[in-house]
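Q: sequence? don't have it. structure:
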């Protein structure tokens, strides 16, 4: 049985977070927020317990994992399937930080495999919206050490040795595993990451929930997961219209900035799927006489076997594949 090929969208998996707000609804059109503190929309996920379900077309109502079992090379691509089997290797999210997220770090593949039987969590952020005065916390502001880090953590002035960057729409941050980080209050982010939900929470601003209870911290686990050197995380990129302008190219994913104003023809060799995240405007995917329309806040999976299509419209797109 051959797969019916078309661009797939998925039901958002909405997550309540102590730091979340309502911009996923007001800015990105995510309806039926479970709470007024909804911090994350998992757009495309194969994380166990949080598997995305197809929203549109012939496979509506089917979980992503079922499609991967039936049509692994058609969805993933020959190269991705050879590398990952029937696992979908990436996780795509939108985040609305009404308050500061915890200061945290993610382990690398080796540590995550050993401790959690999981992938590590290399990730990147694209800033979709930033309130005036908001900031990103990313990396140390000088070469540090475990001793210095623990001393500042104990004295509750960890922020003094961390790098704080004023946030602006369009910024890109690439966070290799081991990079200490936090998204600051007042920011909406598109996040692309390895399929992993392993986070070592280091400091949570002494927050407590309605019952006076703080969230679990993972200070000891973070110690040998951390990179204590300074890191160059912010990425500059070109913005040529109707072209794929590479922002991040790493072993786990390649993400390009595609400012669409008119049309852009796309062909691929079937080795990898493509995902398009619409961060502004509206666009269509056209092929074989079909036209599928999408808008800001949509995340679209183009199966690898759909090897020729046209993007048209006026939109800002992030284009992701595995090279």
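A: The structure has been received and is ready for your questions. Please read these numbers as outputs of a predicted model, since none were measured by experiment.
Q: Only C-alpha atoms from now on, for both contacts and neighbour counts.
A: OK.
Q: Could you list the buried residues of stretch 269-283?
A: Across stretch 269-283, burial judged by 16 or more other Cα atoms under 10 Å covers 270-283.
Q: Pipe those residues into a markdown table and attach secondary structure per row.
A: Shown next, in a markdown table, are these (DSSP: H, G, I helix; E, B strand; the rest coil):
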| residue | secondary structure |
| --- | --- |
| 270 | coil |
| 271 | coil |
| 272 | coil |
| 273 | coil |
| 274 | strand |
| 275 | strand |
| 276 | strand |
| 277 | strand |
| 278 | strand |
| 279 | strand |
| 280 | strand |
| 281 | strand |
| 282 | strand |
| 283 | strand |
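Q: Between those, which sits nearest residue 315?
A: Relative to residue 315, the closest of the buried residues of stretch 269-283 is residue 281; by Cα to Cα it sits at 4.1 Å.
Q: show me the residues around the closest one that make contact.
A: Applying Cα atoms under 8 Å, 6 or more residues apart in numbering to residue 281 gives the contacts 295, 296, 314, 315, 316.
Q: Next, find the distance separating the closest residue to it other than its chain neighbours from residue 182.
A: Nearest residue to residue 281 in three dimensions, chain neighbours excluded: residue 315, at 4.1 Å (Cα to Cα, 6 or more residues apart in numbering). Between residue 315 and residue 182 the computed distance is 28 Å (Cα to Cα, to the nearest Å).
Q: Residue 85 too?
A: 32 Å.
Q: Please identify which of those two sits among more neighbours.
A: residue 182 (21 against 16; other Cα atoms under 10 Å).
Q: Now name the helix or strand holding the more buried one.
A: strand 181-183 (DSSP states H and E).
Q: Please name the strands paired to the following helix or strand past that strand in the sheet, noting orientation.
A: Per DSSP H and E, the first helix or strand lying C-terminal to strand 181-183 is strand 187-194. If you go by DSSP bridges, strand 187-194 pairs up with strand 90-97 (antiparallel), strand 123-130 (antiparallel).
Q: what's the domain layout of this protein?
A: 13-223, 245-321 (automatic domain parsing).
Q: How far does the first one sit from its chain's centre?
A: In terms of Cα atoms, centre = their mean, to the nearest Å, the centre of domain 13-223 is set 7 Å apart from its chain centre.
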